[in-house]
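A.B. asks: coords please:
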Amino acid sequence: MTVQDIRSFNRFYTNVIGALDYGRHLYAPYTLTESRVLYELAHAPRTDAADLRAQLHLDAGYLSRILNRFEEDGLIERGPSEKDPRRRRITLTAPGREAAALLDERARETVGSLLDTVRAEDRPRLADALRTVRELLGDGRAPRPEDVVLREPAPGDLGWIVQRNAALYAAEYGFNADYEGLVARIVADYGEDHDPHLERTWIAELDGRPVGCVMCVRDDAPGTARLRLLLVEPDARGLGIGDRLVGALVDFAREVGYREVVLWTNDILGAARRIYQRHGFALVAEKPHRSFGRDLTGQDWRLDLHATPD
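C.D. replies: Down below sits the predicted model:
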């Protein structure tokens, strides 16, 4: 293996994915770097310029010019950071989210077309090769919170939500197949009929694989959103994924005009309950019940989106 081997592969791969082919309008009207900044803002809603510089290794002046353009075009808003008043938080506006979604859709179509050229029996080899490159050039470092991205579900992800909920809750809490049936009904209802303006699902992705999820759906009570199916894979815990998923849901619910967010959980899910508490949810009721082959204590939690944070 030589330097020339890697440079040759880089030229080959950028040509294959069309990274430099602006004639295809993959990134238009933005440059590749601007598109990447939009992507990061769309998948990390609580970020600032310092975070972006660190994640993307961008020159401060160059990033500032990009953000100024975005602000002039109405794609972003800047405000005081919740963590550090010396910093400015950057969030996408509705037009900014639309632009990021369009770029993401183009990228998915392009990569999907590329994958269509690979025979089904060869795809596991390709996936293994990609993982090998990441492992070897990643210097064996442990995953970092910034390696996790939040995205919308891709084909197959709703099925993954059902499968992983059933498997994890059986392994960790002894739930029986009744729980899988409940999750399957929730996911099927969402997949068959949901309002994308008021309901949304987030998938947390790490190293190209889903490692977490949460769903926001309309509740029967007017003005109320319901949080459902929060999950983080065991090997991805400790990276703040649960906090990010719940934070993204709360931000979305507040932005689209819900008055409150509610959820139902069980008292044995201690880690999840601590996340809810950190985001301002309050326990409003609890009741013993027999479900999923276990004696449990169900809990109702509520977050008032109009309340002033302490």
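A.B. asks: quick one: the helices in the chain?
C.D. replies: Assigned by DSSP state H, the helices in the chain fall at 3-17, 32-43, 49-56, 60-72, 94-116, 123-137, 157-173, 177-192, 241-255, 270-278.
A.B. asks: could you dump the ones you listed to JSON lines with mean pLDDT and mean neighbour count?
C.D. replies: From N, CA and C alone the C-beta is placed, and that goes for glycine too. Below are those laid out as JSON lines (pLDDT from 0 to 100; neighbours: other Cβ atoms under 10 Å):
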{"stretch": "helix 3-17", "mean pLDDT": "82", "mean neighbour count": "10"}
{"stretch": "helix 32-43", "mean pLDDT": "84", "mean neighbour count": "19"}
{"stretch": "helix 49-56", "mean pLDDT": "79", "mean neighbour count": "16"}
{"stretch": "helix 60-72", "mean pLDDT": "91", "mean neighbour count": "14"}
{"stretch": "helix 94-116", "mean pLDDT": "84", "mean neighbour count": "14"}
{"stretch": "helix 123-137", "mean pLDDT": "81", "mean neighbour count": "11"}
{"stretch": "helix 157-173", "mean pLDDT": "95", "mean neighbour count": "17"}
{"stretch": "helix 177-192", "mean pLDDT": "96", "mean neighbour count": "15"}
{"stretch": "helix 241-255", "mean pLDDT": "95", "mean neighbour count": "20"}
{"stretch": "helix 270-278", "mean pLDDT": "94", "mean neighbour count": "15"}
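A.B. asks: now the ones you listed in TSV, with distance to residue 201?
C.D. replies: Below are these laid out as TSV (distance: least, Cβ to Cβ, whole Å):
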stretch	distance to residue 201
helix 3-17	27
helix 32-43	14
helix 49-56	24
helix 60-72	26
helix 94-116	14
helix 123-137	24
helix 157-173	8
helix 177-192	7
helix 241-255	10
helix 270-278	17
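A.B. asks: of those, which is nearest residue 233?
C.D. replies: The closest approach between residue 233 and any of the helices of the chain, judged by Cβ to Cβ, belongs to helix 157-173 at 7.1 Å.
A.B. asks: could you say what helices and strands the closest one packs with?
C.D. replies: With contacts defined as 3 or more Cβ pairs under 8 Å, 6 or more residues apart in numbering; DSSP states H and E, helix 157-173 has these neighbours: helix 177-192, strand 200-206, strand 209-218, strand 224-232.
A.B. asks: and residue 262, what are its bridge partners?
C.D. replies: Taking DSSP bridges as the rule, residue 262 bridges to residue 226, residue 302.
A.B. asks: now do the same for it: its pLDDT.
C.D. replies: Looking at residue 262, its pLDDT reads 98.
A.B. asks: go on, the one 5 residues further on?
C.D. replies: For residue 267, the model assigns a pLDDT of 93.
A.B. asks: for residue 6, what are its contacts?
C.D. replies: Listed by Cβ atoms under 8 Å, 6 or more residues apart in numbering, the contact set of residue 6 is empty.
A.B. asks: separation between it and residue 129?
C.D. replies: Using Cβ to Cβ, to the nearest Å, we find residue 6 at a distance of 14 Å from residue 129.
A.B. asks: make CSV out of the helices and strands packed on helix 157-173 and add distance to residue 256.
C.D. replies: What follows is the helices and strands packed on helix 157-173, written out as CSV (distance: least, Cβ to Cβ, whole Å):
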stretch, distance to residue 256
helix 177-192, 16
strand 200-206, 9
strand 209-218, 9
strand 224-232, 8
